[in-house]
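Student: got a predicted model here, sequence first, then my questions.
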Amino acid sequence: HVQLVESGGGSVQAGGSLTLSCTASGADYSDYCMAWFRQAPGKEREGVALIDRSRTASYADSVAGRFTISQDNTKNTLYLQMNSLKPEDTAMYYCAAEEGRTIATMEYEYTYWGQGTQVTV
């Protein structure tokens, strides 16, 4: 049973930092595409950062240089280090995983999702 559980969200002042974690169970995620998405009130869910099957990271332009995605396979955990946070980063953040693709950039391409963790700046 594949399960993703996010944690680490909270309230922070502009310019501050947070680290989100996504603990995965039920599979070997070292060979999955993994990603962070976010959804602000009244807006569509958008991709923030992803790691493809070659373990290459990619970022949305809005967070490049401020956010870092990483994965610890020994802990089956995905991280999102968020620095220099801005009010526009306020959203529910979701972890996602996909097994069957080399790279997945769109929401519909991901099969497995966590329940989300709220970030308020």
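Tutor: Sure, I can see it.
Student: just the element for Thr19, please.
Tutor: strand 18-25 (DSSP states H and E).
Student: who does the helix or strand following that strand pair up with?
Tutor: Using DSSP H and E, the next helix or strand after strand 18-25 towards the C-terminus is strand 33-39. Using DSSP bridges, strand 33-39 pairs in its sheet with strand 46-51 (antiparallel), strand 91-98 (antiparallel).
Student: tell me, what residue is most central in this protein?
Tutor: Trp36 (1.9 Å; CA atoms, centre = their mean).
Student: touching, it and Tyr94? I think so.
Tutor: Yes - at 7.1 Å, Trp36 and Tyr94 qualify as touching, with contact defined as CB atoms under 8 Å. Where C-beta positions appear, they are placed from N, C-alpha and C, glycine not excepted.
Student: shaky segments in the chain?
Tutor: In the prediction, the chain carries no residues with pLDDT under 70.
Student: what separates the residue nearest to Gln39 when sequence neighbours are not counted from Asn76, distance-wise?
Tutor: Spatial nearest neighbour of Gln39, excluding adjacent residues (CB to CB, 6 or more residues apart in numbering): Arg45 at 4.1 Å. Per CB to CB, to the nearest Å, Arg45 is found 24 Å from Asn76.
Student: one more: Ala57?
Tutor: 18 Å.
Student: repeat for Ala91
Tutor: According to CB to CB, Ala91 stands 25 Å off from Asn76.
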